[in-house]
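In: could you work out the structure for the sequence below:
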Amino acid sequence: MLKSVFRIVIQFLINLAAINLIVYYLPEVVFSGNFIDLLKISAVLTILNVILKPIIEFFLKPLIILTFGILSFIITGFLLWLSTYWVSQLTFTNWKSLVLATLIFSVINSIFNLVVKKN
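Out: Okay, here's the model as predicted:
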C-alpha cells in the first residue's frame, strides 16, 4: 500500500517535471497560469495515467500489439489533450505541438517506468 502511494507521488513529480519541460521548450504549447495551475495539470495527468490509461490499454491490448505500441502513444496523446479540458491554462496551438508534447511526455514516463520496474 505504501509502495503504491509512493509510486503515485513520484509519478506526480515526474509529470510535473515533464509538463514544465514541455511548456518551457515548446513555444506552441501555451501555459497561462502560475505554479499552482502547473500542480493542477500534473495532478490531472497523474490521475488519468494511474486510473484511466490502464483501463483503456486493457481493452485495446490486441490493437496495441498489432500496431507495435503506436496506439499506446496515441492514447497518451489523447490523455494529454483531455487534461486541457480540466485545466484550461494549458493549450496546444496545433496538432504538431500535441504530438511533440506527447513524445516528450512518453519518453520521460517510459524512463520512469523502467526505473520503477527495475527496483
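In: and Val116, how many residues sit next to it?
Out: 14 (other CB atoms under 10 Å). Backbone N, C-alpha and C define where each C-beta goes, glycine included.
In: what separates the helix or strand that Val116 is a member of from the chain centre, distance-wise?
Out: Applying DSSP states H and E as the criterion places Val116 in helix 95-118. Offset of helix 95-118 from its chain centre (CA atoms, centre = their mean, to the nearest Å): 7 Å.
In: before we move on, what about stretch 7-21?
Out: 9 Å.
In: with just CA atoms, put that stretch into CSV.
Out: Presented in CSV, the C-alpha positions along stretch 7-21 are these (Å, rounded to 0.1, in the frame of the first residue of the first chain):
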residue,chain,number,x,y,z
ARG,A,7,4.9,5.4,-6.7
ILE,A,8,1.9,7.7,-7.4
VAL,A,9,3.7,10.6,-5.6
ILE,A,10,6.8,10.0,-7.7
GLN,A,11,4.6,9.8,-10.9
PHE,A,12,3.1,13.2,-9.9
LEU,A,13,6.6,14.7,-9.6
ILE,A,14,7.7,13.2,-12.9
ASN,A,15,4.6,14.6,-14.6
LEU,A,16,5.3,18.0,-13.1
ALA,A,17,8.8,18.0,-14.5
ALA,A,18,7.6,16.7,-17.9
ILE,A,19,4.9,19.4,-18.2
ASN,A,20,7.4,22.1,-17.1
LEU,A,21,9.8,21.0,-19.8
